[in-house]
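J.: Sequence and predicted structure are below.
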Amino acid sequence: MPSKASSPSTTPASRKRQVRTAVAAAAAPAVDGAMDEEVDAEGGGDAGGRLTQAERRALAERRILDAALELVARRGSVRMTLAEVGEAAGYSRGLPAHRFGSKTGLLQRVVLNIGARFEARRLALPQHRPGLDAVRSLVSTYFVRDDTRWIETRALLVMMTEGFMEDSELNPYIGEYIRSSISRLEQHIRDGIALGEIRADIDPTTAATLLLGALRGVLHQRLVLGDLSLDKVRDLALQMVDRTLAPH
């Protein structure tokens, strides 16, 4: 819904505060009694009653997030409803609302979940040194996909597109995700400059913004065209990083 410019709760500053508060809350969500009762009623795949109540709640949350991710990747978030997410997850139509409060709350958690999965892939790669090696590791991570259907990538690119639509409720959360990604890469570049591995005349923010934009653009092209050789693109991207960032 469009927000009124005169409302003090929807000013840019207040929206940023709301995003930071929501992100912090989503990192360690509280589960209320309403969800406990509904998960118990639905069963949540508890084979033979071996799962504890906390495990059933965690399973329900994971299934809901996975279902939302799939629906966003297939149809976008605008047409998605909480009711169909609940059904797709194998629960009642009302459970997502019990857990996440609103569609916006669910989508925010989807964005955070995508970021967490990307970070898990990055940490699964061989450990890297600070500086240029960390930049190269992050670039390589963008080409690591254990999901043949690219559900996470599709969903993220869809939400990034929807996020810049006028009055989009996704904008603050997608914006926070993008800023966080740029900040992480920017720090790696700063470390490389301090170590003498990256040119001192490189502006870290500009370089991080350009590099991430190029990487996401490649993934977008891959999804549209379907026949790009990501291994070749990755190898050339790493060569370009070395030639562009390393001191002459």
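T.: Done, it's in.

J.: before we move on, what SS does residue 165 have?
T.: Of the three states, residue 165 takes coil according to DSSP: H, G, I helix; E, B strand; the rest coil.

J.: okay, now it: neighbour count?
T.: Other residues lying near residue 165 total 11 when counted by other CB atoms under 10 Å. (C-beta placed from N, C-alpha, C; glycine too.)

J.: now swap in residue 248 and tell me
T.: Residues contacting residue 248 under the criterion other CB under 10 Å number 4.

J.: One more: residue 172?
T.: 20.

J.: residue ranges with poor pLDDT in the protein?
T.: Scanning the chain for pLDDT under 70 picks out 1-49, 146-148.

J.: what do you get if the cut-off is 50, keeping everything else the same?
T.: Across the chain, the stretches falling below the confidence threshold (pLDDT under 50) are 1-37, 40-45, 47-48.

J.: can you map out the helices along it?
T.: Counting by DSSP state H, residue ranges of the helices within the chain are 12-27, 33-42, 53-75, 82-89, 95-100, 103-124, 132-141, 151-163, 171-195, 204-225, 230-245.

J.: Comparing those, which comes out most buried?
T.: Among these, the stretch with the highest mean neighbour count (mean count of other CB atoms under 10 Å) is helix 95-100, at a mean of 24.

J.: And that one, what does it pack against?
T.: helix 33-42, helix 53-75, helix 82-89, helix 103-124 (3 or more CB pairs under 8 Å, 6 or more residues apart in numbering; DSSP states H and E).

J.: Now with 6 Å, please.
T.: Applying 3 or more CB pairs under 6 Å, 6 or more residues apart in numbering; DSSP states H and E, one finds that helix 95-100 makes contact with helix 33-42, helix 82-89.

J.: and it, C-alpha only, in PDB?
T.: Provided in PDB are the C-alpha atoms of helix 95-100 (Å, rounded to 0.1, in the frame of the first residue of the first chain):
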ATOM      1  CA  LEU A  95       0.200 -20.600  10.000                       C
ATOM      2  CA  PRO A  96       2.500 -18.200   8.000                       C
ATOM      3  CA  ALA A  97       0.600 -15.300   9.500                       C
ATOM      4  CA  HIS A  98       1.000 -16.700  13.000                       C
ATOM      5  CA  ARG A  99       4.700 -17.000  12.500                       C
ATOM      6  CA  PHE A 100       5.700 -14.000  10.500                       C
END
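
J.: what distance separates that helix from the middle of the whole chain?
T.: Averaging C-alpha positions (CA atoms, centre = their mean, to the nearest Å) puts helix 95-100 20 Å from its chain's average.

J.: Next: stretch 149-164.
T.: That offset, for stretch 149-164, works out to 9 Å (CA atoms, centre = their mean).

J.: Check stretch 208-222 too.
T.: Per CA atoms, centre = their mean, the displacement of stretch 208-222 from the mean C-alpha position of its chain is 15 Å.

J.: which residue packs closest to residue 195, ignoring adjacent ones?
T.: Among residues not flanking residue 195 along the chain, residue 131 sits closest, at 4.5 Å (CB to CB, 6 or more residues apart in numbering).

J.: how close does that neighbour sit to residue 194?
T.: 8 Å (CB to CB, to the nearest Å).

J.: show me what contacts the nearest residue to residue 163 once chain neighbours are set aside?
T.: Taking CB to CB, 6+ apart as the measure, residue 163 lies nearest to residue 174, with 3.5 Å between them; neighbours along the chain are not counted. Neighbouring residues of residue 174 by CB atoms under 6 Å, 6 or more residues apart in numbering: 159-160, 163.

J.: Distance of residue 174 relative to residue 205?
T.: Counting by CB to CB, the gap between residue 174 and residue 205 amounts to 19 Å.
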